[in-house]
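1. I need the structure of the sequence given here:
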Amino acid sequence: MDPIDIAVVGAGPCGIAVGVAAREQNLRAVLFDKGCVAASLVNYPYYMRFFSTSDRLEVGGVPFAIPEKNPSRQEALVYYRRVAEHFDLDIRQYEAVESVSGAEGSFILKTRKMSGQEREYEAMRVVMATGGFHTPNMLEVPGEDLPKVLHYYMEPHPFFGQDVLVVGGSNSAVEASLELFRSGARVTLVHFLDKLDRGVKPWVVPDITNRLEQGDIGVYWGHRVVEITPESVLLRDEGTGELTELTNDWVLALTGWRPNPTLLRELGVEIDETTGIPAHDPHTMETSVPGVFIAGVLAAGNNANKIFIENGRAHGGQIVSAVTEGG
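-> Residues are numbered from 1 along each chain as shown. So this is what the prediction gives:
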């Protein structure tokens, strides 16, 4: 078989956008993902609603029509499945790309299916669209490896009647705290800053502010977790150094995630050691290695709050334009 025009590593919304743009220009694109289509969204909390409105999440002109202004996780999953079906995208689900080698015009991708079967593909160009949710930002404190410590949150029910410490001040930490409180958990929020992060959804701010002011949810501003034990957690005041020990059943360390640049490094792509941003042309999304492109959150490096679906979806068109105009 002739080489694939564009091999896309990652079948999330931004990877799908690359596949759609390629289809519209009659280029053969194959999308590979170690999980399912839009796997990153699957890992979002069950009842989450997007900050972006539905029109800002649309891909390929397929309408995202829903009753509410901001789509839910479930509605987004339905939508991106529909886009994949509408454009008949070639998506290889549960087929992980383990290595990429070669050069522009003849990249070799070695993959492994969930069954263990290994495959090899040749591609003219490669797009990395692997997202930013690979490695959690660790607290790096004693006890973080205990089973009670989680770096993700799906739903509140398992924590009913439990003492839960939520670490962080972002949307995920705030929304988890509110859901946990309303589902019967005893919730305490701890954040190293003296206020919530600026990116918290504006319609959520009054709710969490009221809960904190009324003492429904405990809060320790300007504190960090310094140790976790099976039955408690130790906090340190960043200003005074004073230690506080809290009885505790669960720790939800919702402190964000980082991308995995391993495949890019293997290809020789330069990556800024401080920001984690791969060297690339923001107009074409081509990296410092010819024929290797990036799309979506990966382009933001360690700052996952810089690129979202609504601006990352444009990368597909930029990449395909660069490919077609460059011949």
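2. which stretches of this structure have low pLDDT?
-> Along the chain, the parts satisfying pLDDT under 70 run over 327.
3. In it, which residue is most central in space?
-> For the chain, the residue lying nearest the average C-alpha position, counting by Cα atoms, centre = their mean, turns out to be residue 133 (3.8 Å).
4. roughly how far apart are that residue and residue 256?
-> Here the distance between residue 133 and residue 256 works out to 9 Å (Cβ to Cβ, to the nearest Å). Yep, even glycine has a C-beta here, placed from its N, CA and C like the rest.
5. contacting residues around the residue nearest to the centre of the chain?
-> Applying Cβ atoms under 8 Å, 6 or more residues apart in numbering, one finds that residue 133 lies in contact with 40, 43, 257, 259, 297, 304.
6. count of residues packed around the fourth one?
-> Neighbourhood size, residue 259 [other Cβ atoms under 10 Å]: 26.
7. Also the second one?
-> Each residue near residue 43 was counted by other Cβ under 10 Å, and the total is 14.
8. and it, what are its phi and psi?
-> Geometry field for residue 43 lists phi and psi as phi -80, psi 0, criterion degrees, to the nearest 10.
9. so who does residue 90 touch?
-> Applying Cβ under 8 Å, 6+ apart, we find residue 90 in contact with 19, 28, 29, 30, 31.
10. which of these tops the neighbour count?
-> Comparing the contacts of residue 90 by number of neighbours (other Cβ under 10 Å), residue 19 comes first, having 29 neighbours.
11. So which bits of stretch 55-69 are buried?
-> Of the residues in stretch 55-69, those scored as buried under the neighbour-count criterion (16 or more other Cβ atoms under 10 Å) are 56, 57, 58, 59, 60, 62, 64.
12. next one: stretch 140-160
-> Applying a neighbour-count criterion of 16+ other Cβ under 10 Å, one finds 141, 143, 144, 148, 149, 150, 151, 153, 156, 159 buried in stretch 140-160.
13. What's the end-to-end length of it?
-> Using Cα to Cα, to the nearest Å, the end-to-end distance of stretch 140-160 comes to 27 Å.
14. same check, this time on stretch 198-210
-> Where stretch 198-210 begins and where it ends lie 17 Å apart, using Cα to Cα.
15. distance between that stretch and the chain's centre?
-> Taking the mean of its C-alpha atoms, stretch 198-210 sits 21 Å from the chain's own mean (Cα atoms, centre = their mean, to the nearest Å).
16. One more: stretch 17-30?
-> Here stretch 17-30 is found 23 Å from its chain centre; the criterion is Cα atoms, centre = their mean.
17. buried ones in that stretch?
-> Under the neighbour-count criterion of 16+ other Cβ under 10 Å, stretch 17-30 has 17, 18, 19, 20, 21, 22, 23, 27, 28, 29, 30 buried.
18. quick one, helices of the protein?
-> 13-24, 39-42, 73-86, 171-182, 205-213, 262-266, 309-312, 315-325 (DSSP state H).
19. Tabulate those helices in TSV, adding columns for distance to residue 223.
-> Formatted as TSV, the entries for those read as follows, by distance: least, Cβ to Cβ, whole Å:
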stretch	distance to residue 223
helix 13-24	36
helix 39-42	30
helix 73-86	31
helix 171-182	14
helix 205-213	14
helix 262-266	34
helix 309-312	33
helix 315-325	38
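20. Select, out of those, the one closest to residue 233.
-> With Cβ to Cβ as the measure, helix 171-182 is the member of those nearest residue 233 (15.2 Å).
21. for the contacts of residue 133, which one is nearest residue 83?
-> residue 40 (15.2 Å).
22. Once you drop chain neighbours, what's closest to residue 123?
-> Here the nearest residue to residue 123 in space, its sequence neighbours aside, is residue 7; by Cβ to Cβ, 6 or more residues apart in numbering that works out to 3.6 Å.
23. Tell me what the one you found is bridged to.
-> The residues listed as beta-bridge partners of residue 7 by DSSP bridges are residue 30, residue 126.
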